[in-house]
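Asks: Provided below are the primary sequence and the corresponding predicted coordinates.
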Amino acid sequence: MTDISNVLAKADENLTSSLDRLFELVRIKSISTDPAFKAECRKAAEWLTASLSSIGFDASVRDTAGHPMVVAHHAAATADAPHVLFYGHYDVQPVDPLNLWENDPFEPAIKDLGNDRKVITGRGTSDDKGQLMTFVEACRAYKEIHGSLPIRVTILFEGEEESGSPSLKPFLEANAGELKAEFALVCDTSMWDRETPAIAGALRGLVGEEVVITAADRDLHSGLFGGAAANPIHILANILAGLHDTTGRVTLDGFYDGVEETPANIKASWETLGRTAEAFLGEVGLSAPSGEKDRSVLELTWARPTAEVNGIIGGYTGDGFKTVIAAQASAKVSFRLVGKQNPAQVREAFRAYVRSKIPADCSVEFHEHGGSPAIQLSYDSPALTKTKNALSDEWPKPAVVIGMGGSIPIVGDFQKMLGMDSLLVGYGLTDDRIHSPNEKYDLQSFHKGIRSWIRIMDALAAK
């Protein structure tokens, strides 16, 4: 590792100009979902290309069927340095309802919240313009001091993340050779709190299934047929109730194949975060966790698989009352996956279980609603360890490796299409109001985010 104190000092010295550049980018109304802002999206791509070119990147705007991509490359000081792909997105969500904004969403400003806390206001300040600019400005400071970067960097900025990324997969497929690196850096996540940085080491996968059970060939009068005719709602309710045993475990055959226990040291670090089930569930009016017994709430939401019923339809649901035995009943069921669980295997286990519960004179059909595996970084990955230590050197509290209950599609795409794992490091906070009026990004997140990337790049370059 090199002495980076002068690079960090340069980042501090540049803060005012770094903010000026961020403000220029935020003023561009790059709302990807609204065709009226197509020109603004291209303007943002061109602005980023020019900014990257100004610090020595070979940068270009790449056209797609939708909004353009920005691709940029920079060599490292040494030929054997690691190669990373940094990903971010320049598009933003619509600002409606405009009347709820305290200020013009595309006129960024610094707002003093008191208690030594200042924030940057405006649409995209946190999601994701402020985040991606932390990396760009870190590269700028490093270049201004050393004339080079300690690692080889490829940058990919897209302009459709907020509208489903329709052009991303075709672009990755067409440019896989150019974009593939040793691993990706994704800066579109959050810290644990204002003093504790976080690395997302795991993302749960997903399997979605809709099951439709049919009994009689028409709805039946419950007085004439009740007690004799099969009721698909009863059948469905029995099936759904049987998905879990009394300990909260999922009962499907082979469901836990590929599920590994979280290392003890990682679970111990989660315990230091102080999130209790009572506090977590209390925010939504609940108090007792309902999943697997003897698991912490963070284990349940970050590191354990689930089976959840997301919707049930059957019979008469209108006003009043109708004594009917429905001919058909359906449910939507989702499974969150962890570790090495196989989505296809889980789907087939669910279907086999359902079929085993269907009476001979009834039928069942299934409708698939997507499936993706979990993403799990090795907890002892050298890159993860170096990044964790670098973050801990910058922030008041040591960095934690967390899980994420949901999924980030780009991370799965990088793994499946480019064969790359991703390090997810972001400096957002839960109160940043992303996608909502009055979005903000803490000034500390922006400033220390720049400093953090300087430390991370230097740490990744170390042998």
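Replies: Arrived safely.

Asks: Find the nearest non-adjacent residue to the residue nearest the centre of the chain, please.
Replies: For the chain, Ile408 is the residue whose C-alpha lies nearest the centre (Cα atoms, centre = their mean; 3.5 Å). Once flanking residues are discounted, Ile408 sits nearest to Leu203: 5.8 Å by Cβ to Cβ, 6 or more residues apart in numbering. In short, each C-beta sits where N, CA and C put it, glycine included.

Asks: didn't the one you found look like it was pressed against Phe414?
Replies: No: look at Leu203 against Phe414 with Cβ atoms under 8 Å: they stay out of range, at 11.4 Å.

Asks: got the phi/psi numbers for Ile358?
Replies: As for Ile358, its main-chain torsions (degrees, to the nearest 10) stand at phi -90, psi 120.

Asks: helix or strand for the nearest residue to it once chain neighbours are set aside, which one?
Replies: Once flanking residues are discounted, Ile358 sits nearest to Val364: 5.0 Å by Cβ to Cβ, 6+ apart. In this structure, Val364 sits in strand 363-372 according to DSSP states H and E.

Asks: elements contacting that strand?
Replies: Identification of packing neighbours for strand 363-372 by 3 or more Cβ pairs under 8 Å, 6 or more residues apart in numbering; DSSP states H and E yields strand 205-214, helix 343-356.

Asks: quick one: which of these is nearest Pro105?
Replies: Distance to Pro105, taken as Cβ to Cβ, is lowest for strand 205-214 among the helices and strands packed on strand 363-372, at 31.9 Å.

Asks: List the neighbouring strands of the closest one plus their orientation.
Replies: Using DSSP bridges, the strands paired with strand 205-214 are strand 328-337 (antiparallel), strand 363-372 (antiparallel).

Asks: mind checking which of these is nearest Gly227?
Replies: The closest of these to Gly227 is strand 328-337. By Cβ to Cβ, the value is 17.8 Å.

Asks: Give the rounded mean pLDDT of that closest one.
Replies: Per-residue pLDDT over strand 328-337 has a mean of 97.

Asks: what does stretch 76-94 give?
Replies: The average pLDDT for stretch 76-94 rounds to 96.

Asks: Render the CA-only coordinates of that stretch in CSV, please.
Replies: Taking C-alpha atoms only, stretch 76-94 is exported to CSV below (Å, rounded to 0.1, in the frame of the first residue of the first chain):
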residue,chain,number,x,y,z
ALA,A,76,-3.3,1.1,-13.8
ALA,A,77,0.2,2.2,-12.7
THR,A,78,1.4,-1.4,-12.9
ALA,A,79,0.4,-4.1,-15.4
ASP,A,80,-0.4,-6.7,-12.8
ALA,A,81,-2.8,-4.5,-10.8
PRO,A,82,-6.3,-5.8,-10.2
HIS,A,83,-9.0,-4.9,-12.8
VAL,A,84,-12.4,-3.8,-11.5
LEU,A,85,-15.7,-2.8,-13.2
PHE,A,86,-17.4,0.1,-11.4
TYR,A,87,-21.2,0.3,-12.0
GLY,A,88,-23.6,3.1,-11.4
HIS,A,89,-26.7,4.7,-13.0
TYR,A,90,-27.2,8.3,-14.1
ASP,A,91,-31.0,8.1,-14.5
VAL,A,92,-33.4,9.2,-11.8
GLN,A,93,-37.0,8.7,-10.7
PRO,A,94,-39.8,11.1,-11.7
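
Asks: Using the record's domain definitions, break the chain down for me.
Replies: Listed domain ranges for the chain are 5-201+379-461, 205-259+305-372 (source: automatic domain parsing).

Asks: Give me the distance between the two termini of the last one.
Replies: Start-to-end span of domain 205-259+305-372 (Cα to Cα, to the nearest Å) is 5 Å.

Asks: Can you give the distance of it from its chain's centre?
Replies: With Cα atoms, centre = their mean, to the nearest Å as the basis, domain 205-259+305-372 stands 28 Å off its chain's centre.

Asks: Check the first one too.
Replies: Relative to its chain's centre, domain 5-201+379-461 lies at 14 Å (Cα atoms, centre = their mean).

Asks: Mean neighbour count, the strands paired with strand 205-214: which tops it?
Replies: Comparing the strands paired with strand 205-214 by mean neighbour count (mean count of other Cβ atoms under 10 Å), strand 328-337 comes out on top with a mean of 21.

Asks: List the contacts of the nearest residue to Lys388 once chain neighbours are set aside.
Replies: Leaving out its chain neighbours, the residue that sits closest to Lys388 by Cβ to Cβ, 6+ apart is Ala399, at 4.7 Å. Counting by Cβ atoms under 8 Å, 6 or more residues apart in numbering, Ala399 touches Thr196, Pro197, Ala198, Ile199, Thr387, Lys388, Asn389, Leu391, Ser392.
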